[in-house]
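A.B. asks: the amino acid sequence is not available; the structure is as follows:
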């Protein structure tokens, strides 16, 4: 593929929304985002799996 060329020798990570905080609104948004992803989602995830009946246990596959 000739239309692709390297920009540098080391790969670069993409800059995320919370990497460079410049305003109070952005700081609040990043706090809420990290709170949801680190605290609420792990608490609600097993409840959703239980309510939907999805079982991730490979030992119970095929049992009714």
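C.D. replies: Received the coordinates, thanks. Since this is a predicted model, take the numbers as computed values, not measurements.

A.B. asks: in the chain, where is pLDDT below threshold?
C.D. replies: 1-15, 54-64 (pLDDT under 70).

A.B. asks: mind redoing it with 90?
C.D. replies: For the chain, the stretches with pLDDT under 90 are 1-21, 30, 33-64.

A.B. asks: please, where are all the helices along it?
C.D. replies: 24-35, 41-52 (DSSP state H).

A.B. asks: tell me which of those sits most buried.
C.D. replies: Per residue and on average, the most neighbours among these fall to helix 24-35, with a mean of 12 (mean count of other C-beta atoms under 10 Å). C-beta: built from backbone N, CA, C; applies to glycine.

A.B. asks: quick one: that one to helix 41-52, angle?
C.D. replies: 50 degrees (axes from the mean of the first three to the mean of the last three C-alpha atoms, to 10 degrees).

A.B. asks: list of residues touching helix 24-35?
C.D. replies: Contact with helix 24-35 is made by 17, 18, 21, as judged by C-beta atoms under 8 Å, 6 or more residues apart in numbering.

A.B. asks: with neighbour count and distance to residue 32 added, can I get those residues in a markdown table?
C.D. replies: Putting these into a markdown table (neighbours: other C-beta atoms under 10 Å; distance: C-beta to C-beta, whole Å) gives the following:
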| residue | neighbour count | distance to residue 32 |
| --- | --- | --- |
| 17 | 10 | 12 |
| 18 | 13 | 11 |
| 21 | 14 | 13 |
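
A.B. asks: dump the residues you listed to a markdown table, plus distance to residue 37.
C.D. replies: What follows is the contacts of helix 24-35, written out as a markdown table (distance: C-beta to C-beta, whole Å):
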| residue | distance to residue 37 |
| --- | --- |
| 17 | 12 |
| 18 | 11 |
| 21 | 16 |
